[in-house]
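Q: With the sequence up front, the predicted model follows.
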Amino acid sequence: MSKPKQPRRTSFFIWFIAVLCTVITIAVIITGLVIFVGYLIVRPKMPSITVTYTHLDVFDYDQAGLLTTEVTIYLKWENDNARAHASFYDSGFVLSLYGMEIAKLVAPPFEVKKNSSVEFHYQVASSPIPLGPEQTVMVDSSLKQDRVTFDLRGTARTQWRVWLLGSVKFTLHLNCQLHFIPSSLNSTGSYCSSKSK
């Protein structure tokens, strides 16, 4: 008569791996819960950039095909977070007219306190710009229609700390068409924002 086989014992290494995997799984679950609860408590909001005011100060076009222009632009940098300061950096926006770059608007790195905003005033003046034949036709057409459109495009980086969870970074995109009435130099009131719609 043969002896009954003894069950094989699980090795110490297998038990060690099993315990380690269990501990890691529990740690991941707890971390996820902490992040979720932290998000519910803090309710972070994306900072934004808004064009709040524009004015066409100068729009001179002479018979030699030279264009001189000057535009006033106010940009409002907003932080709607109730519990976190926001930093803005690496900002650069290009103001252009019919594909011609007029100026680049930049700002040094700065912070906006919680539930606050900062407004920057840009006075953008061009030196006389020689227009090509295609651009001359576009400017003539704009003057006849008494409506000229500038493009303001660019990005800025933002970062803010979310409680114990660490910092959050995003890139804000601004893509605006600024419409003006050359006869009165006024804006048509078309403003835009980096906020999602």
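A: Looks like it came in fine.
Q: C-alpha only now, for contacts and for neighbours.
A: Will do.
Q: In contact with the residue at minimal distance from the centre of the chain, which residues?
A: In the chain, the centroid-proximal residue (C-alpha atoms, centre = their mean) is residue 172; its distance is 1.1 Å. Applying C-alpha atoms under 8 Å, 6 or more residues apart in numbering to residue 172 gives the contacts 48, 49, 155, 156, 157, 158, 194.
Q: Out of these, which is nearest to residue 144?
A: residue 194 (31.8 Å; C-alpha to C-alpha).
Q: That closest one: neighbour count?
A: The tally of other residues near residue 194 (other C-alpha atoms under 10 Å) stands at 20.
Q: swap in residue 188?
A: 13.
Q: What of residue 116?
A: Neighbours of residue 116 using other C-alpha under 10 Å come to 14.
Q: In stretch 70-89, which residues are buried?
A: Burial within stretch 70-89, assessed by neighbour count using 16 or more other C-alpha atoms under 10 Å, is assigned to 70-71, 73-81, 83-89.
Q: Name the nearest residue to residue 119, sequence neighbours excluded.
A: residue 76 (4.3 Å; C-alpha to C-alpha, 6 or more residues apart in numbering).
Q: what pairs with residue 161 across the strands?
A: Note on residue 161: beta-bridge partners by DSSP bridges are residue 167.
Q: Residue 130 now?
A: Residues in beta-bridge contact with residue 130 (DSSP bridges): residue 66.
Q: Okay, it and residue 102: tell me how far apart.
A: Distance from residue 130 to residue 102, counting by C-alpha to C-alpha, to the nearest Å: 12 Å.
Q: ok, now residue 112?
A: Taking C-alpha to C-alpha, one finds residue 112 at 28 Å from residue 102.
Q: More neighbours: which of those two?
A: Taking other C-alpha under 10 Å, residue 112 and residue 102 do not tie; residue 102 has more neighbours (22 against 19).
Q: you'd agree that one is up against residue 71?
A: No - with contact defined as C-alpha atoms under 8 Å, residue 102 does not count as touching residue 71 (9.8 Å).
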